[in-house]
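Undergrad: Need the 3D shape of this:
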Amino acid sequence: MFTTKRLEKSLVTNADLHFNRTIGLPIEVVCLQRLHTLAFGRIQAYSEEHVQVNDQTFSRDQCLFFGQPVTTPSLKKA
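TA: Numbers count the residues shown, from 1 in each chain. Next comes the predicted model:
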């Protein structure tokens, strides 16, 4: 389940973050070290280094962000 979520729902680019912020969709912020949710909510601001959710700032290098990417890649089953 987590692998599928990581492949299909990861927000990596600024375009992905912009899309979720513009539409007002909530995102999930997950700690890379412990793999547990740190925050869930709408994006308030973002930059090349950080994303702000629920008045907390999270490093883009140290967290995973899940939401609705601009384009969802298709998974090919072997």
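
Undergrad: biggest strand in this protein, by residue count?
TA: strand 37-46 (DSSP state E).

Undergrad: Spatially central residue for the protein, please.
TA: Phe65 (2.1 Å; C-alpha atoms, centre = their mean).

Undergrad: circling back to that earlier point, pull the distance from the longest strand of the chain to the chain's centre.
TA: The chain centroid and the centroid of strand 37-46 are separated by 8 Å under C-alpha atoms, centre = their mean, to the nearest Å.

Undergrad: which of the residues in it are buried?
TA: Neighbour-count burial for strand 37-46 flags 38-39, 43, 46 (criterion: 16 or more other C-beta atoms under 10 Å). For the C-beta atoms, the positions are set from N, CA and C on the backbone; glycine is no exception.

Undergrad: Then stretch 18-33?
TA: 19-21, 27-30.
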